[in-house]
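> Sequence and predicted structure below; questions after.
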Amino acid sequence: QVQLVESGGGLVQPGGSLRLSCAGTGFSLDDYVIGWFRQAPGREREGVSCISRSDGSATYYADSVKGRFTTSKDGATNTVYLQMNSLKSEDTGVYYCAAERWKQLRQCTHYAEYHTWGQGTQVTVSS
């Protein structure tokens, strides 16, 4: 069964860090572009970051997270990570990973075009 399982969310103070994990089961993440999205209450789902398939040498970051978030992959464990540093209250939301079999990152922030999604994990940044 093809599945993405997320973990790592939680409550953190402003300025703190969290690392989200997105583990693939039933398929190899190396064959897929992986996108990270977040959704705050009452807001549209937002593309945060993407990583290319294979060696993950290409990445994308939304302007709002550039310099603070880093996405990476571990082929040995079939897991993609989102390291989030210097967290702000506006980073609060449910974070999702998604996978699609594209060759490039061009469409990677178009959430409606992904077919495989994780269950989501809540990130709350608050003092």
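Thanks, I have the structure now.
> Quick one: residues contacting S49.
Counting by CB atoms under 8 Å, 6 or more residues apart in numbering, S49 makes contact with G35, W36, T59, Y60, Y61, A62, V65, F69, T71, L82. No exception for glycine: its C-beta is placed from N, CA and C like everyone else's.
> Return the member of those residues nearest to Y114.
Taking CB to CB as the measure, Y114 lies nearest G35 of these, at 6.4 Å.
> burial count for that closest one?
29 (other CB atoms under 10 Å).
> where does it land in three-state SS?
Following DSSP: H, G, I helix; E, B strand; the rest coil, G35 is assigned to strand.
> still on that earlier bit, and which of the contacts of S49 is nearest to S21?
If you rank these by distance to S21 using CB to CB, L82 comes first, at 8.1 Å.
> Compute the distance between that closest one and E44, please.
19 Å (CB to CB, to the nearest Å).
> Are any of the contacts of S49 buried, and if so which?
Listed as buried from the contacts of S49 are G35, W36, T59, Y60, Y61, A62, V65, F69, T71, L82; burial here means 16 or more other CB atoms under 10 Å.
> how close does the second one get to G9?
Yep, that's W36 we're talking about. Taking CB to CB as the measure, W36 falls 12 Å from G9.
> Overlap of the contact sets of these two?
Common contact partners of W36 and G9 (CB under 8 Å, 6+ apart): L20, Y95.
> what stretches of the protein score poorly on pLDDT?
Regions of the chain meeting the criterion pLDDT under 70 are absent.
> Tell me who's in contact with the residue nearest the centre of the chain.
The centroid of the chain falls nearest to W36 when counting by CA atoms, centre = their mean (2.5 Å). W36 sits next to L20, C22, G47, V48, S49, C50, T71, L82, Y95, Y96, C97, A98 when contact means CB under 8 Å, 6+ apart.
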